[in-house]
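Visitor: show me how the following folds:
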Amino acid sequence: MSEKMPSNMPANISATAAFDNSHYEQACDQAIAMCDGNLRSTIKALIMANEYLEAELAELQAAISAGCIPDASRNGIRSKSSAA
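Guide: A predicted model of the protein is given here:
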């Protein structure tokens, strides 16, 4: 089975990094194992986790837009995430 680079893959990711998917293979195996090998349950759990993260992101974006997070904290958050 040949793998294609997703069309939404950022241009700055090298081809080597894009095709080094051992990390993703391990994560898939772990997720499937956590659902006792049931692929439907695994997909459902991943969709639910993604929806939760999307809701968290929307709440954080709304809080920032409303000015609930001071600029100093916002800059600290950015510098921490860019250092990772």
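Visitor: neighbours of Ala45, just the number please.
Guide: Number of residues near Ala45 (other Cβ atoms under 10 Å) recorded here: 15. The C-beta positions use only the backbone N, C-alpha and C, and glycine is treated the same way.
Visitor: ok, it touching Cys35?
Guide: Yes - using Cβ atoms under 8 Å, Ala45 is in contact with Cys35, at 6.1 Å.
Visitor: so, low pLDDT: which residues of the protein?
Guide: Scanning the chain for pLDDT under 70 picks out the ranges 1-19, 70-84.
Visitor: tell me where it has helices.
Guide: Assigned helices in the chain, in chain order: 15-19, 22-34, 39-65, 71-83 (criterion: DSSP state H).
Visitor: which other helices and strands does the third one contact?
Guide: Pointing back at helix 39-65 there. helix 22-34 (3 or more Cβ pairs under 8 Å, 6 or more residues apart in numbering; DSSP states H and E).
Visitor: how about residues contacting the helix it packs on?
Guide: Asn38, Leu39, Thr42, Ala45, Leu46 (Cβ atoms under 8 Å, 6 or more residues apart in numbering).
Visitor: can you say which of those residues are buried?
Guide: Thr42 (16 or more other Cβ atoms under 10 Å).
Visitor: looking at the contacts of helix 22-34, spot the one nearest Ala66.
Guide: Nearest to Ala66 out of those is Leu46 (Cβ to Cβ; 30.5 Å).
Visitor: what about that closest one, distance to Leu53?
Guide: 11 Å (Cβ to Cβ, to the nearest Å).
Visitor: with Gly37 instead?
Guide: Relative to Leu53, and taking Cβ to Cβ, Gly37 is found at 25 Å.
Visitor: likewise for Cys28?
Guide: For Cys28 relative to Leu53 (Cβ to Cβ), the value is 18 Å.
Visitor: and for Ile47?
Guide: From Ile47 to Leu53 the distance is 11 Å (Cβ to Cβ).
Visitor: repeat that for Ala31.
Guide: 15 Å.
Visitor: who's more crowded, the two?
Guide: Ala31 (16 against 10).
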